[in-house]
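**Q** below: sequence and its predicted model.
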Amino acid sequence: MTEVRRAGTASASLWERDEEVATITRAVDTLCADRSSPGTLLEARGEAGVGKTALLAEARRIAEARGCTVWSARGGETLRSVPFNVVRQLLQPALVSMLPEEAREYLGDWYDIAGPALGIADPGERQADPQGVCDGLVAAVRRLARREWPLVLMIDDAHWADQETLRWLAALAERLDETSVLVVVARRPGDVSGDNARHLDAAGAMGRPLGPLNALTPDATAGLTRATLGEHAEAAFCREVWAVTGGNPYETVELLAKVQDSELQPVEAEAAELRDLNRSARGGGLVARLEQLGVDSTRFAWAAAILGGGITVDMVARLATLDRADAARCAELLRGARILSVPDDAGQPGADELEFVHPLIATAVYNSIPDALRTAMHGIAAQLVTDSGLGAAAASRHLLKVHPDDDQEVVAQLREAAREHLAVGAPDAARRCLERALQEPPLPASHARVLFELGCATLLTAPATTIGHLRTALAMPGLDGEQRVDAVFRLSQALLHNDQLEEAVRTVEAEAARTPDPSARLRLQAAQYMWEGIHAGETSSPHRSARLAELAAGCTGRDNAERALLILRGFDAMTHGESAEEVVELCDRALVNGRLAPGLGWTDTEWGLELPMMLASSYAYTDRLDRAEALFTEALRAYESAGWSGGHLALAHAYVGLGHRRRGRLREAEQSLRESLRIAERVGRGLPLYWSATCNLVDTLLARGHVEEARTVAEQYGFAPPYPSTIVLPDPRPVRGRLLIATGRTKEGVNELEAAEKAAAARGRHNPVVVPWATELARALAGEDPGRAARLATDARRQAERFGTDTAIGEALRCAAALETGQRAVRLAAQAVTYLEASPCQYEHAAARVEYGIAARSAAELNRGLALADSCGADGLVARAREALAVGHAG
């Protein structure tokens, strides 16, 4: 843990910082006043040397004086490629001080997710989800803040923090309302770009600024000069100090220290010497001063700059090829020259640890190393780190700096480092390692494999880049058999994520056609049908359903390729409105003892989540809600326990919400779907998972009778054409058509439902529950075109009877009853109740009861419907039943 040090003249570095110190004091007082107080983030932003570190040191002093626990860390210019470097500095020491069992118990489910990133637990075999790891780190802070309250976290030089730390910092800043902790961050306004800048700016936007931190005024510089050199310092000398340093606090302090060392008198006659003296404290002057300390001291300083962090006399001695005694002597000389210093925690074990006095000095020393020597020293450092048993990932930051030299050992180390980075949730670090491995380059026999690994590493973060890597890999020798099939499947996944679904279908179809191995070909054919099955547009190949049915007919479920085909055939039959019993029989054959087969689970990467989602959806729309809900709940638990808290978890919540909606638990459905949207917002709008959550939430709110809320959600989340290229359940067009009609835009609603009719016909999707355009359109046209409405209702009933579920038939009868009057309406409504009472869909049952009560003028039926509607959370239906009872529609 890097401690924020106080400068030699601490009070001097705080000149003209009264307002900032007062802000810090108030923030500490607020934190200490109440355990339940919300957290605060303070940001000190300023150029190099303006006094940010001194301000953090004062914050530490204030906090510790109030009894706070203070943990601190610092970013490093040469350490930005080390994932989780800064957050490890902050949190690891506290967790390492616990017994392993205590840390596991304290972090609970997050231990296996965040532990590897913090270096306190071994990573699992599966690639970690970066969002899940980020959430785990936020949860760790939340728990540690309760344990260590009042807790203050300090990050110096945050502009040089690694991307993973900055992502965590932005996420923590968003949730400070629920975490009683004070976070103080110091950063420069520049020196950061891309995603790092976005994360750091997002964190700062959630906090309060300390400053802006400006240079010292001439009066403050004069006061500082006299406080350091004596009150006899002449005004002209003080003015020259300000002119030479520009009022930069760090440069001013360093220059005054040089004045003291040189015994220069603070009088006007000697003011001209200040410029030369100042040059010796920075840039080339610093290098010259370093060289004056001797060759060994220069080599020691260079080695320390190469290491960047974890600088110890022993490690520097090995890198600089110095014996222990000479290294210790050099360290002492460099401390005396104010180039290196001992951190404030030097009294703890590892007391020979060193750090540079200021990042400006570290940068100047690092840049002074001749290029060829710097590269060679990074290579030696990588070997030292490896020999120390710290692992390939720790050595990789040095290997990234080594010139390519056709070294296959370097390739192997970088590939292993990439695997380690992926295992802890750092795909960007893995990408850098594999890109560097390709530059070495690998041998022809392994070149394609490295490209494949790079494609897998970037699949979720940069699908467009992944497509290029995998296509190149497939065009080279080296990927054969299962590896080639894996690469083609991954390429099709990347094309899907890049909204190139038709190209994904063509890719696997072409590979299947030229694959001689029957097992591999079957897997590729299954992938082709899977992508075609989720395509919302025209089918990519003619007679798809017939060929899929023919393939699945001979499948017994003996392996996962056959099980995949059975699931795909079942899903296809379900969306086309074929016999629900046959759909269920197909789906059941794909299970092993009633459960998902190994390799087809929610977190298995060989096939992805699409297959189990298709299976569960098929059960949901064939009235087998017990099986569907068991699978949806299993998905949610699997992703939570694996720490997959990005798109996978968002989709799981959406489908849990779908299960609740189908069951008629509308309140629970709304809660799950809003949680899905919350997570989906972090992943990105416009993705299929985003549509699933939005469509189901609008549908649920309409069922609840919350029309205005449904309209707001639709507008907020862009629930309007163009629709995604992948299938969404239920179909969004009928849902949007119903919304438009409910908000008085009847003509637009009818147009939307007619568009749904055309889209369903083009794909042969005649399931009246999944795509209920016919019943919705029949109700909308009942007044102006009763003949067409009646024909639509008749067709809907025919399709429902073909499908054969109680829900489908009951809903068709409800529609038919709504178009009739008198006793015929009563008879049809009664039949609808009979079917829907046997259905697991309680909202539809409640609606049928209320409608039957109104048609039959039965208070008993209205009251039964009202009770059912109330239990479902269908507020609009409750109001309708009460209104009917009040106005005497029931006898």
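**A** On my side now, so go ahead.

**Q** please enumerate the helices of the stretch 751-891 of the chain.
**A** Counting by DSSP state H, counting those that start in this stretch, the segments of the stretch 751-891 of the chain that form helices are 773-781, 786-803, 806-818, 822-838, 842-856, 859-872, 875-886.

**Q** so which of these gets nearest residue 547?
**A** Closest to residue 547 of these is helix 786-803 (CB to CB; 21.5 Å). Glycine gets a C-beta too; all of them are placed from N, C-alpha and C.

**Q** who are the packing partners of that closest one?
**A** helix 773-781, helix 806-818 (3 or more CB pairs under 8 Å, 6 or more residues apart in numbering; DSSP states H and E).

**Q** phi and psi next, for the residue located most distally from the centre of the chain.
**A** For the chain, the residue at maximal distance from the C-alpha centroid (CA atoms, centre = their mean) is residue 269, at 62.3 Å. Note on residue 269: backbone dihedrals following degrees, to the nearest 10 are phi -60, psi -30.

**Q** per-residue confidence at it?
**A** Residue 269 carries a pLDDT value of 87.

**Q** what of residue 36?
**A** With respect to pLDDT, residue 36 scores 88.

**Q** picking that back up, could I get the helices of the stretch 751-891 of the chain in TSV, plus columns for mean pLDDT, distance to residue 493 and mean neighbour count?
**A** Shown next, in TSV, are those (pLDDT from 0 to 100; distance: least, CB to CB, whole Å; neighbours: other CB atoms under 10 Å):
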stretch	mean pLDDT	distance to residue 493	mean neighbour count
helix 773-781	96	31	24
helix 786-803	96	31	19
helix 806-818	97	33	25
helix 822-838	97	40	18
helix 842-856	97	36	25
helix 859-872	96	38	20
helix 875-886	96	41	18
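
**Q** who wins for proximity to residue 247 among those helices?
**A** The closest of those to residue 247 is helix 875-886. By CB to CB, the value is 65.4 Å.

**Q** can you dump the C-alpha coordinates of that closest one into CSV?
**A** Provided in CSV are the C-alpha atoms of helix 875-886 (Å, rounded to 0.1, in the frame of the first residue of the first chain):
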residue,chain,number,x,y,z
ASP,A,875,-54.5,-2.5,-11.0
GLY,A,876,-56.3,-1.6,-14.2
LEU,A,877,-58.3,-4.8,-14.2
VAL,A,878,-59.1,-4.3,-10.5
ALA,A,879,-60.5,-0.9,-11.4
ARG,A,880,-62.5,-2.2,-14.2
ALA,A,881,-64.1,-4.9,-12.1
ARG,A,882,-64.9,-2.4,-9.3
GLU,A,883,-66.4,0.0,-11.8
ALA,A,884,-68.6,-2.8,-13.2
LEU,A,885,-69.8,-3.8,-9.7
ALA,A,886,-70.5,-0.1,-8.9
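
**Q** what sits against residue 277?
**A** Residue 277 makes contact with 255, 258-259, 262, 264 under the criterion CB atoms under 8 Å, 6 or more residues apart in numbering.

**Q** show me what contacts the residue most central in space within the chain?
**A** Centroid check for the chain by CA atoms, centre = their mean gives residue 131 as the closest residue, at 3.0 Å. When contacts are counted by CB under 8 Å, 6+ apart, residue 131 touches 644-646, 682-683.

**Q** could you redo the last one with a cut-off of 7 Å?
**A** 645-646, 682 (CB atoms under 7 Å, 6 or more residues apart in numbering).

**Q** in stretch 333-346, what's buried?
**A** Buried residues in stretch 333-346, defined by neighbour count with 16 or more other CB atoms under 10 Å: 333-334, 337-341, 343.

**Q** measure the residue farthest from the centre of the chain to residue 189 for me?
**A** 39 Å (CB to CB, to the nearest Å).

**Q** cool, residue 819 as well?
**A** Residue 819 sits 68 Å away from residue 189, taking CB to CB as the criterion.

**Q** need the worst-confidence member of the buried residues of stretch 333-346.
**A** Minimum pLDDT for the buried residues of stretch 333-346 is recorded at residue 343 (78).

**Q** give me the neighbour count for residue 390.
**A** 12 (other CB atoms under 10 Å).

**Q** for it, grab phi and psi.
**A** Residue torsions, per degrees, to the nearest 10, at residue 390 are phi -90, psi -10.

**Q** for residue 511, which residues are in contact?
**A** 488, 524.

**Q** lowest-pLDDT helix or strand in the chain?
**A** One helix or strand of the chain scores below all others by mean pLDDT, DSSP states H and E: helix 10-13, with a mean of 49.

**Q** low-confidence ranges, the stretch 351-500 of the chain, go.
**A** Within the stretch 351-500 of the chain, the segments meeting pLDDT under 70 span 351.

**Q** circling back to that earlier point, and the helix or strand hosting the residue nearest to the centre of the chain, how far from the chain's centre?
**A** Secondary-structure element containing residue 131, defined by DSSP states H and E: helix 130-148. Its chain's C-alpha centre and that of helix 130-148 lie 14 Å apart, by CA atoms, centre = their mean, to the nearest Å.

**Q** and the next element down the chain from it?
**A** strand 151-156.

**Q** on that earlier part again, so which of residue 819 and residue 189 has more stuff around it?
**A** residue 819 (19 against 10).

**Q** phi and psi next, for the more buried one.
**A** Main-chain torsions, residue 819, degrees, to the nearest 10: phi -90, psi -10.

**Q** surely it meets residue 782?
**A** Yes: contact criterion CB atoms under 7 Å: residue 819 and residue 782 qualify, at 5.4 Å.

**Q** generate a markdown table for the helices and strands packed on helix 786-803, with distance to residue 40 as supplementary columns.
**A** A markdown table is the format used below for these (distance: least, CB to CB, whole Å):
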| stretch | distance to residue 40 |
| --- | --- |
| helix 773-781 | 51 |
| helix 806-818 | 52 |
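
**Q** and stretch 695-710, average pLDDT?
**A** 97.

**Q** CA-only coordinates of stretch 160-176, as PDB, when you get a sec.
**A** Backbone C-alpha positions of stretch 160-176 (Å, rounded to 0.1, in the frame of the first residue of the first chain) are rendered in PDB as follows:
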ATOM      1  CA  TRP A 160      -1.800   7.000 -14.300                       C
ATOM      2  CA  ALA A 161      -4.000   4.300 -12.800                       C
ATOM      3  CA  ASP A 162      -4.800   1.200 -14.800                       C
ATOM      4  CA  GLN A 163      -8.000   0.900 -16.700                       C
ATOM      5  CA  GLU A 164      -9.500  -1.800 -14.400                       C
ATOM      6  CA  THR A 165      -9.000   0.400 -11.400                       C
ATOM      7  CA  LEU A 166     -10.600   3.400 -13.100                       C
ATOM      8  CA  ARG A 167     -13.600   1.400 -14.100                       C
ATOM      9  CA  TRP A 168     -14.000   0.300 -10.500                       C
ATOM     10  CA  LEU A 169     -13.600   3.900  -9.300                       C
ATOM     11  CA  ALA A 170     -16.300   5.100 -11.600                       C
ATOM     12  CA  ALA A 171     -18.600   2.300 -10.400                       C
ATOM     13  CA  LEU A 172     -17.900   3.000  -6.800                       C
ATOM     14  CA  ALA A 173     -18.500   6.700  -7.300                       C
ATOM     15  CA  GLU A 174     -22.000   5.900  -8.700                       C
ATOM     16  CA  ARG A 175     -22.800   3.900  -5.500                       C
ATOM     17  CA  LEU A 176     -21.400   6.200  -2.800                       C
END
